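Visitor: Here is my input; please provide its structure:
(one chain, ligands or ions: 1)
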Amino acid sequence: MIIFSAPDYNGMSRKAANLISAQVILKPDSVLGLATGSTPLGVYAQLIDWYNKGDVDFSKVRSVNLDEYCGLAPDHEQSYHYYMKENFFKHINIHLENTHVPNGLAEDVAEEGRRYDALIESLGGIDLQLLGIGNTGHIGFNEPSESYIKETHRVTLNQKTIDANSRFFASKDEVPRYAVTMGIGSIMKAKKVLLVANGAGKAEILYQSLFGPITPEVPASILQVHPDVTIVGDEEAMSVIR
Ligand code: F6R
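Guide: Numbers count the residues shown, from 1 in each chain. All right, here's what the predicted structure looks like:
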């Protein structure tokens, strides 16, 4: 595991964007596993900037996102389909047909899970998986539980996650209670994992994930046994790790 501490959010974003750019430059048809949320916004902004400067080309890149809220249509402003289009895809030359986000409207989520896992497999697996980390230690929306679920599946969001994500919705009641998330299996099979974290609020859970016991009660702790993980945190998130 490689751990980088950046002085601030901008530094974290640039470092992570550098690592993603290097991946795409070295393998132009990379399969990128992508994340949403506040943390990677700066990473996407930096990649867009470098794309505009001609430094990185996404025309052959394929992407698979980690998760989507159940019940939100792709054009819903809080859906992760919408987030990806608005914050990244529409600003670069990735082909939209090469981008994939789980279908939050699927009536049969088990079937959607099988479809999504088969899709990831058909792309040859994930070359680099970008992750944020939730206050609960979730990666994707794999919330603390008694066991890890390997496959893409429906998850009941933890109350802490609902509280944290309510900042994006008009009220807490509007936050979906369920999501469909890539399982721990696809994340752990990714050739490389890049986790970004910022802010003091993530310091304790980041420490537990990286140095505490490996347990599904702290889902991100499984990354300790992944062979190629890079953590990029800002100073606040790294404050306990020194
Ligand atoms: C998003 C995702 C989540 C977030 C996590 C942190 O696709 O899978 O695991 O990475 O909830 O979110 P932020 O960055 O908003 O703190």
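
Visitor: Run through the residues that contact the residue nearest to the spatial centre of the chain.
Guide: By CA atoms, centre = their mean, the mean C-alpha position of the chain lies nearest to A35, the distance being 2.6 Å. By CB atoms under 8 Å, 6 or more residues apart in numbering, A35 lies in contact with N65, L66, L130, L131, G132, G140. Bear in mind the C-beta positions are built from the backbone N, C-alpha and C, glycine included.

Visitor: Please identify the one among the residues you listed that lies nearest to E97.
Guide: Closest approach to E97 among the contacts of A35 (CB to CB): N65, at 14.5 Å.

Visitor: Tell me what that closest one is bridged to.
Guide: L34 (DSSP bridges).

Visitor: how deep is the closest residue to the ligand within the chain tucked in, by neighbour count?
Guide: Using CB to the nearest ligand atom, the single residue of the chain nearest to the ligand is G132, 2.4 Å away. Here the number of neighbours of G132 (other CB atoms under 10 Å) works out to 21.

Visitor: If we ignore the residues flanking it in sequence, what's nearest it?
Guide: What sits nearest to G132 in space, not counting adjacent residues and going by CB to CB, 6 or more residues apart in numbering, is T39, at 4.1 Å.

Visitor: just T99 next, same as before
Guide: Nearest non-adjacent residue to T99 (CB to CB, 6+ apart): S63, at 4.7 Å.

Visitor: Could you verify my assumption that N93 touches G54?
Guide: No: with contacts counted by CB atoms under 8 Å, N93 stays clear of G54, the gap being 10.8 Å.

Visitor: quick one: which of the two has more around it?
Guide: More crowded of N93 and G54, by other CB under 10 Å: N93, with 12 against 7.

Visitor: Can you tell me how far the more buried one is from P40?
Guide: Distance of N93 to P40, computed by CB to CB, to the nearest Å: 19 Å.

Visitor: Which residue ranges of the chain form strands?
Guide: 2-6, 31-34, 62-65, 67-69, 99-100, 128-131, 153-156, 178-181, 192-197, 229-234 (DSSP state E).

Visitor: Mind putting those into TSV with mean pLDDT and mean neighbour count?
Guide: As requested, the strands of the chain are exported to TSV (pLDDT from 0 to 100; neighbours: other CB atoms under 10 Å):
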stretch	mean pLDDT	mean neighbour count
strand 2-6	97	16
strand 31-34	98	24
strand 62-65	98	22
strand 67-69	98	24
strand 99-100	98	20
strand 128-131	98	26
strand 153-156	96	19
strand 178-181	98	24
strand 192-197	98	24
strand 229-234	98	24
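
Visitor: Switch these over to a markdown table; also include distance to N165.
Guide: Converted to a markdown table, the strands of the chain look like this (distance: least, CB to CB, whole Å):
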| stretch | distance to N165 |
| --- | --- |
| strand 2-6 | 24 |
| strand 31-34 | 17 |
| strand 62-65 | 16 |
| strand 67-69 | 9 |
| strand 99-100 | 22 |
| strand 128-131 | 16 |
| strand 153-156 | 13 |
| strand 178-181 | 10 |
| strand 192-197 | 16 |
| strand 229-234 | 21 |
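
Visitor: Let me know which of the ones you listed is the nearest to K172.
Guide: strand 67-69 (14.0 Å).

Visitor: which bits of the protein sit near the ligand?
Guide: 35-39, 66-67, 132-134, 138-141 (CB under 6 Å from any ligand atom).
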